[in-house]
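Student: Give me a model of this one.
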Amino acid sequence: MPAIETLIATLSGWVWGPPMLALLVGTGLYLTVLLRGLQFRALPLAFKLIFHKDHGHAGDISHFAALMTALAATVGIGNIVGVATAITLGGPGAVFWMWMTGLVGMATKYSEAVLAVKYREKGEHGMRGGPMYYLAKGAHLPKLGWLFALFTALATFGIGNMAQANSTAKIFEAAFAVEPWITGLVLMTLTALVILGGIRSIGKFTSVLVPFMILGYVGSALTVLALNAAEIPAAFGLIFGHAFSPASASGGFAGAG
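Tutor: Model (predicted):
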């Protein structure tokens, strides 16, 4: 176990060391300047396009379904655990750096989306694309694209699905005495019913489920804030007061990641 802990600490140091942190925020800042703050200027148009029905362009799902599919993979355990990780590692000031990473990170995400659309292609089961495609076809680095696809597949199970399924199983076991294997079987069956139908099936499902999930998530957050309204000014004071320590910056970037 000590050897494993040492290995994890070493890998963490590489991933969240100064070069990676500078690259993460530096790229976002560079793209924000290059695009002249597009993520802020085009925000009204982005909201307008959510409900815009455009059937004249290639694509498998609507703007709204695409957004709901993205949010389904974004809002959830990561938002809760990520913030907790940031504050644990860097104190309350880490929240400030999570805000900053999110603001400039929107420009990075926009650029990724543009490249994904530019280099996508029509496949047997619909449109396909993503970083592995623009790495292979845009940057002409097919081996790097292949490695990215492999890493993403492994990370999806190791950091994503397994962590979420384990958390769900633990909750049901503690609250309702449901055996973990039963929860796993149910989750596997429900997930298969959705994803085996392809992106159209995923889009339809998330368009119905995710709006309720978002309302529940935001509603719960607002409820917590309302119940602790008296502590909000002090919380802002702690966030800004501790924001410029090295530990806060590292913790914030780790939490955002």
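Student: what's the spacing between Thr223 and Leu71?
Tutor: Computed as C-beta to C-beta, to the nearest Å, the Thr223 to Leu71 distance reads 20 Å. The way it works is simple: take the backbone N, C-alpha and C, and place the C-beta from them, glycine included.
Student: The two: which is more packed in?
Tutor: Leu71 (16 against 10; other C-beta atoms under 10 Å).
Student: Phi and psi next, for that one.
Tutor: Leu71 adopts backbone torsions of phi -70, psi -30, taken as degrees, to the nearest 10.
Student: which ones are touching it?
Tutor: Thr206, Val210, Met213, Ile214 (C-beta atoms under 8 Å, 6 or more residues apart in numbering).
Student: How about Met106?
Tutor: So Met106 contacts Gly28, Gln39 (C-beta under 8 Å, 6+ apart).
Student: same thing but at 6 Å, please
Tutor: Contact analysis of Met106 by C-beta atoms under 6 Å, 6 or more residues apart in numbering lists Gln39.
Student: Now do the helices in the stretch 51-200 of the chain.
Tutor: 63-72, 77-90, 94-118, 131-133, 142-155, 162-176, 180-195, 198-227 (DSSP state H, counting those that start in this stretch).
Student: what's the angle from the first one to helix 94-118?
Tutor: Our comparison of helix 63-72 with helix 94-118, counting by axes from the mean of the first three to the mean of the last three C-alpha atoms, to 10 degrees, yields an angle of 140 degrees.
Student: and what of the longest one?
Tutor: Following the same axes, to 10 degrees, one obtains 160 degrees for the angle between helix 198-227 and helix 94-118.
Student: any idea how far the next helix or strand after helix 198-227 is from the chain center?
Tutor: Tracing the chain past helix 198-227, the next element assigned as helix or strand by DSSP states H and E is helix 232-241. Its chain's C-alpha centre and that of helix 232-241 lie 26 Å apart, by C-alpha atoms, centre = their mean, to the nearest Å.
Student: same question, stretch 162-180
Tutor: 22 Å.
Student: ok, how many other residues are close to Trp181?
Tutor: Other residues close to Trp181 by other C-beta under 10 Å number 9.
Student: make that Arg41, sorry
Tutor: The number of residues near Arg41, taken as other C-beta under 10 Å, comes to 10.
Student: ok, it to Val25 distance?
Tutor: 20 Å.
Student: With only the CA atoms kept, save stretch 154-171 in PDB.
Tutor: What follows is stretch 154-171, C-alpha atoms only, in PDB (Å, rounded to 0.1, in the frame of the first residue of the first chain):
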ATOM      1  CA  LEU A 154     -10.200   3.900 -19.500                       C
ATOM      2  CA  ALA A 155     -10.900   7.100 -17.600                       C
ATOM      3  CA  THR A 156     -14.600   6.900 -18.400                       C
ATOM      4  CA  PHE A 157     -14.800   3.600 -16.500                       C
ATOM      5  CA  GLY A 158     -12.200   4.300 -13.800                       C
ATOM      6  CA  ILE A 159     -12.900   7.900 -12.900                       C
ATOM      7  CA  GLY A 160     -16.400   8.200 -14.200                       C
ATOM      8  CA  ASN A 161     -18.800   5.300 -14.300                       C
ATOM      9  CA  MET A 162     -17.200   3.200 -11.600                       C
ATOM     10  CA  ALA A 163     -17.000   6.100  -9.100                       C
ATOM     11  CA  GLN A 164     -20.600   7.100  -9.800                       C
ATOM     12  CA  ALA A 165     -21.900   3.500  -9.700                       C
ATOM     13  CA  ASN A 166     -20.000   2.800  -6.400                       C
ATOM     14  CA  SER A 167     -21.400   6.000  -4.800                       C
ATOM     15  CA  THR A 168     -24.900   5.100  -5.800                       C
ATOM     16  CA  ALA A 169     -24.500   1.500  -4.600                       C
ATOM     17  CA  LYS A 170     -23.100   2.700  -1.200                       C
ATOM     18  CA  ILE A 171     -26.000   5.100  -0.700                       C
END
